[in-house]
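Q: coordinates for the following, if possible.
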Amino acid sequence: MSSNPVQKFFASVGARDIEGALAVIDENTVFEPQGPSDLPIYGRFVGKEGVKRLLNGLGEYFETEVFEIKKWATADDFVFAYGYMQHRVRKTGRIFKSDFAIVCQVEGDLIRSYKIFEDTAAAQVAFA
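A: Residues are numbered from 1 along each chain as shown. Take a look at the predicted model:
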């Protein structure tokens, strides 16, 4: 793997460059944030349109205060990341903070699949 498309994805998201983020997404990608189906930030988002819908939703639901990747690792065609995030839920004003782990399968410079694991109980409290 010559570059890290996941790193490019997050740099673009952080810069609010949705088109830049989508440039490193495979047409058939599957993003699956892991969590309860009653929260709109979790579920299955397929292809560039699905990822765009997810990113727009995150922008609508959250005001991001902190999002940092603390460690990166790669193995074969997988990229792993560990980090910390803190978001204010716009609707409730509550803070959702959590460590997280991300597992992505990549092919070349494109993200084929994406899963994030975070404190979903804290998310439910912040959305309530």
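Q: ok, E65 - contacts?
A: If you count contacts by C-beta atoms under 8 Å, 6 or more residues apart in numbering, E65 has them with 86-88, 95. C-beta coordinates here come from the backbone N, C-alpha and C atoms, glycine included.
Q: Three-state assignment for the residue positioned nearest the centre of the chain, please.
A: Most central in the chain under C-alpha atoms, centre = their mean is I116, positioned 6.4 Å from the mean C-alpha point. Using DSSP: H, G, I helix; E, B strand; the rest coil, the structure places I116 in strand.
Q: residue contacts, it?
A: Residues in contact with I116 (C-beta under 8 Å, 6+ apart) are 33-34, 100-102.
Q: got a markdown table for those, with secondary structure and pLDDT too?
A: Below are those laid out as a markdown table (DSSP: H, G, I helix; E, B strand; the rest coil; pLDDT from 0 to 100):
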| residue | secondary structure | pLDDT |
| --- | --- | --- |
| P33 | strand | 96 |
| Q34 | coil | 96 |
| F100 | strand | 98 |
| A101 | strand | 98 |
| I102 | strand | 98 |
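Q: report the two of the residues you listed separated the most.
A: Farthest-apart pair in the contacts of I116 is P33 and A101; separation 11.8 Å (C-beta to C-beta).
Q: what's the overlap in contacts for those two?
A: Both P33 and A101 are in contact with 116, 118, where contact means C-beta under 8 Å, 6+ apart.
Q: what about burial for the contacts of I116, which qualify?
A: Applying a neighbour-count criterion of 16 or more other C-beta atoms under 10 Å, the buried members of the contacts of I116 are 33, 100, 102.
Q: now flag whichever of the residues you listed is closest to K8.
A: Comparing the buried ones among the contacts of I116 against K8 with C-beta to C-beta places I102 closest, at 13.8 Å.
Q: who touches that closest one in this structure?
A: Applying C-beta under 8 Å, 6+ apart to I102 gives the contacts 6, 79-83, 114-117.
Q: how close does it get to L58?
A: I102 sits 14 Å away from L58 when distances are taken as C-beta to C-beta, to the nearest Å.
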